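K.L.:
Got a predicted structure plus its sequence, pasted below:
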Amino acid sequence: MTSRKSGLRALVAGGAGFLGNHLCERLLAEGERVICLDNLQTGGLDNLRRFARDSRFEFIEADVCDPLPASLRADRVYNLACPASPPLYQADPVHTMMTSVVGTRNLLDVAQLSGGRFVQASTSEVYGDPEEHPQRESYRGSVNPIGIRACYDEGKRAGEALCFDYLRSFDVDVRVARIFNTYGPRMRPDDGRIVSNLIVQALAGDALTIYGGGEQTRSFCYVDDLVDGLIRLMRVDPNPKAPVNLGNPEEYTINALAELVLDLTQSRSQVVYQPLPQDDPQCRRPDIARAAEVLGWRPRVPVRQGLAATIAWFDAGIARPWRETAPSDSALAAAAGGVA
Ligand code: NAD
Ligand code: UDP
């Protein structure tokens, strides 16, 4: 599955974001050249500093909704460009929808002109508030097309439609990953998603915010596992020609996740309950049988271990006023069980 010294040229749209910069790092480590294209809307240059001295890395600041440089070519196109956090994708909903539709089309055109492969970062949100549990790829979903999440959910559904039309109409080698909630180091502390919110709040000694009763569930995948799945999907032969769920089936209620974060951080934070946002899905767990069969993929990092590594990363950058000394590096490494 590796391509060490392959010299392939990968375009990572959204490469300055959370998943994207981990993906850039892995591709560079495996010998690919990487062009990161990003408008820095939710990603940051901080995420790219680690690549500054690597001559195989190039950054293009651009919005995928705008016409892309005519000379842009790539053997592999990964489309991760789109905010993933509900408050952030809802902040400019029209732009979110255009990013998934116009942006995806512009990137599909790059793949077509290049004769390259294309991986679309789609989402479990295409299943909406699911009536089937766990969710298989055959499930067509239950999305409110006019709600506040529609800009993201329906945008991603349209993005998938475009991908399969480019496959059928133009024979572009398109692959679609349906990504379930993913977490890990380098999430934005302020991006508003559950894992980053709980960790930041617990480390700061602030109240943990739980929306609704906290009995809704999500399934949490560690970033390294997810990136491994994306790369396998890009490299697998033959093209599965069908969407593939990528996620960790370890399912938690939000209340249970909060308990786990409190336990791992040893925080004395309280929990406060706040109103549940509109259309918030009640449950989410991937059926990963297809990923196992087609990609030989399954997640390897248990949630407890991945959370410990994520907490260690956040802990290095956030003050803990309720605690006089930070835990030693070796204590955190032991808690993380070697995942870094
Ligand atoms: P993120 O917000 O950290 O990263 C998204 C990146 O895309 C950012 O760097 C942002 O600046 C860039 N971007 C956004 N709109 C753009 C545009 N119009 N043009 C150019 N760049 C643009 O999010 P993430 O968690 O890294 O998610 C990456 C991808 O994976 C997204 O497509 C998201 O929908 C998908 N996904 C993520 C998760 C998850 O749990 N992290 C789950 C399902 C799907
Ligand atoms: N959530 C919460 N408190 C927070 C942030 C989120 O209770 O501070 C809930 C949210 O309502 C949802 C779940 O946690 O039920 C996951 O939210 P997230 O924004 O991480 O992802 P998504 O809803 O897109 O799966």
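P.N.:
Happy to help now that I have it. Ligands and ions are numbered 1, 2, ... in the order given.

K.L.:
near ligand 2, which residues of the stretch 151-300 of the chain?
P.N.:
Where the stretch 151-300 of the chain comes near ligand 2, counting by CB under 6 Å from any ligand atom, the residues are 181, 193, 194, 197, 209, 210, 211, 216, 218, 254, 277, 280. (Glycine included, C-beta is placed from N, CA and C.)

K.L.:
Output the residues you listed in CSV; the columns should cover pLDDT, distance to residue 138 and secondary structure.
P.N.:
Below are those laid out as CSV (pLDDT from 0 to 100; distance: CB to CB, whole Å; DSSP: H, G, I helix; E, B strand; the rest coil):
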residue, pLDDT, distance to residue 138, secondary structure
181, 98, 21, coil
193, 98, 28, coil
194, 98, 27, helix
197, 98, 33, helix
209, 98, 35, strand
210, 98, 32, strand
211, 98, 30, strand
216, 98, 23, coil
218, 98, 21, strand
254, 98, 27, helix
277, 98, 28, coil
280, 98, 24, coil
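
K.L.:
Please pick the buried ones from these.
P.N.:
Buried by 16 or more other CB atoms under 10 Å: 181, 193, 194, 197, 209, 210, 216, 218, 254, out of those.

K.L.:
when you check ligand 1, which of the residues of the stretch 151-300 of the chain next to ligand 2 turn up near it?
P.N.:
Within those, those near ligand 1 by CB under 6 Å from any ligand atom are residue 181.

K.L.:
Report the two of the residues of the stretch 151-300 of the chain next to ligand 2 separated the most.
P.N.:
181 and 209 (16.7 Å; CB to CB).

K.L.:
mind checking how far the closest residue to residue 239 other than its chain neighbours is from residue 34?
P.N.:
With sequence-adjacent residues excluded and distances taken as CB to CB, 6 or more residues apart in numbering, residue 239 is closest to residue 173, at 5.7 Å. Here residue 173 is placed at a distance of 19 Å from residue 34 (CB to CB, to the nearest Å).

K.L.:
same check, this time on residue 127
P.N.:
Per CB to CB, residue 127 is found 31 Å from residue 34.

K.L.:
Redo the residues of the stretch 151-300 of the chain next to ligand 2 as a markdown table? Include distance to residue 30.
P.N.:
What follows is those, written out as a markdown table (distance: CB to CB, whole Å):
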| residue | distance to residue 30 |
| --- | --- |
| 181 | 26 |
| 193 | 28 |
| 194 | 31 |
| 197 | 33 |
| 209 | 39 |
| 210 | 40 |
| 211 | 39 |
| 216 | 37 |
| 218 | 30 |
| 254 | 36 |
| 277 | 39 |
| 280 | 38 |
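
K.L.:
Next, residue 11: phi, psi?
P.N.:
Here is the backbone geometry of residue 11 (degrees, to the nearest 10): phi -100, psi 120.

K.L.:
For the chain, what lies in contact range of ligand 1?
P.N.:
14, 16-20, 38-43, 63-65, 80-84, 99, 103, 121, 123, 179, 181-182.

K.L.:
Compare residue 173 and residue 34 and say which is more crowded by neighbours.
P.N.:
residue 34 (25 against 19; other CB atoms under 10 Å).

K.L.:
pLDDT score assigned to the more buried one?
P.N.:
We have a pLDDT of 98 for residue 34.

K.L.:
Doesn't it lie inside a strand?
P.N.:
Yes - read with DSSP: H, G, I helix; E, B strand; the rest coil, residue 34 is one of the residues of a strand.
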